[in-house]
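Engineer: show me the folded form of this:
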Amino acid sequence: MTTALPPLPYRVAGTWEETGDTRSIELLPTGRELPRFSPGQFAMIYAFGVGEVPVSVSALRGGHGGLVHTVRAVGAVSTALYRLRPGDSVGLSGPYGTGWNLAAAAGHDVLVVAGGIGLAPLRPVVHEVLDRPAGYGRLAVLVGTRTPADLVYRDELDSWRGRARVEVTVDRPGPGWHGAVGVVTTLLDRLELRPDRTCALVCGPEVMMRHTARDLVARGVQPHRVQLSLERNMHCATGHCGHCQLGPLLLCRDGPVTGYDRVADLLLVREL
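Structural biologist: Down below sits the predicted model:
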């Protein structure tokens with residue numbers, strides 16, 4: 001089992017709105033900083049007097065130990081985090097879990113497929129590939145969301161265009177939306193996919209990940225080259241409480257990132 005780590009004090013350096021219920025929070029250490037996180041790993045963030053929740057890092061701020069987390073206000077703790085303002089303090093522990101296997105993606109085309117706020121754990125991957133273009137092949141970012149208003153990192157997505165293939169689709173278009181409509185897997189038809197040299201990284205609702213992974217394998221991508229972030233029901237970060245169990249896996253410990261070849265059969269078992 002993973003050992004629980006004591007939280008360290010971190011200061012809120014800045015916050016900014018992503019959508020009506022989602023905010024990104026930049027945190028800086030006030031003293032000793034946590035070990036370096038890898039893209040895909042998560043922290044336990046403690047809102048003083050309320051509780052703590054696991055949240056994946058959505059950006060790594062280089063040498064000063066800063067971390068960015070993107071939080072949607074859906075419960076008591078996440079709402080408390082959403083309401084933080086610069087100068088406030090939180091407790092932070094980590095890093096926990098397994099990150100994206102970028103070593104396996106070296107020299108390959110990188111396909112990032114995100115559903116909704118699932119883009120947050122994938123954002124550091126995009127930063128890494130854009131910062132080191134010689135280490136990878138072509139980069140494509142496919143994003144699906146419920147409505148245009150639910151799209152996170154809108155300005156940053158625009159900045160990635162020109163250096164990466166970026167496609168966005170929505171379930172329900174609103175006024176002024178002229179982009180694609182439909183589930184995110186329909187965007188795969190727009191790519192010139194090279195399945196023998198593609199590494200796909202997928203995060204979003206479980207049903208979306210299951211269909212995306214199955215579609216990619218049907219197109220010739222090897223199952224072990226399809227990585228999923230299964231953050232469902234993570235609670236304690238150490239695998240002790242059992243909330244994150246998926247068959248023989250404890251996703252706090254054995255995930256959240258894992259190869260599709262490892263979980264394909266498990267994801268087909270209803271209510272597992």
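
Engineer: ok, for the most centrally placed residue in the chain, nearest residue in space, not its chain neighbours?
Structural biologist: Closest residue to the average C-alpha location of the chain: P121 at 1.9 Å, with C-alpha atoms, centre = their mean. Leaving aside its sequence neighbours, P121 sits nearest to S56 (C-beta to C-beta, 6 or more residues apart in numbering; 3.9 Å). From N, CA and C alone the C-beta is placed, and that goes for glycine too.

Engineer: let's verify that neighbour: helix, strand, or coil?
Structural biologist: Under DSSP: H, G, I helix; E, B strand; the rest coil, S56 falls in the strand class.

Engineer: that one contacts M234, correct?
Structural biologist: No - checked against C-beta atoms under 8 Å, the pair S56 and M234 is beyond contact range at 9.4 Å.

Engineer: what segments of the stretch 101-250 of the chain are helices?
Structural biologist: Ranges of helices in the stretch 101-250 of the chain, per DSSP state H, counting those that start in this stretch, are 102-105, 119-131, 154-160, 206-218.

Engineer: and A80, helix, strand or coil?
Structural biologist: Applying three-state DSSP: A80 is helix.

Engineer: so S56 and M234 - more neighbours on which side?
Structural biologist: A direct count of neighbours by other C-beta atoms under 10 Å for S56 and M234 places S56 higher, at 30 against 24.

Engineer: ok, now which ones touch that one?
Structural biologist: 40-43, 69, 120-121, 229, 231, 256 (C-beta atoms under 8 Å, 6 or more residues apart in numbering).

Engineer: give the contact list for R232.
Structural biologist: Contacts here follow C-beta under 8 Å, 6+ apart; on that basis R232 touches 206, 244, 246, 251.

Engineer: inside strands: which ones of these?
Structural biologist: Residues of those located in strands (DSSP state E): L246.

Engineer: what about the strands in the stretch 51-200 of the chain?
Structural biologist: Taking DSSP state E, counting those that start in this stretch as the criterion, the stretch 51-200 of the chain carries its strands at 51-60, 67-72, 89-96, 109-115, 139-145, 165-170, 180-181, 198-203.

Engineer: wait, T169 sits on A180?
Structural biologist: Yes - judged on C-beta under 8 Å, T169 makes contact with A180 at a distance of 3.9 Å.

Engineer: for the chain, give me the ranges with low pLDDT.
Structural biologist: With pLDDT under 70 as the threshold, the chain has low-confidence stretches at 1-4, 62-63, 271-272.

Engineer: care to break it down by domain?
Structural biologist: Split into domains by automatic domain parsing, the chain comes to 8-96, 102-268.

Engineer: distance between the ends of the first one?
Structural biologist: Distance between the boundary residues of domain 8-96 (C-alpha to C-alpha, to the nearest Å) amounts to 14 Å.

Engineer: now the longest one
Structural biologist: With C-alpha to C-alpha as the measure, the ends of domain 102-268 fall 27 Å from one another.

Engineer: and the angle from the longest strand along the chain to strand 139-145?
Structural biologist: Longest among the strand segments of the chain by residue count, using DSSP E, is strand 8-19. With axes from the mean of the first three to the mean of the last three C-alpha atoms, to 10 degrees as the basis, strand 8-19 and strand 139-145 are set at 70 degrees to each other.
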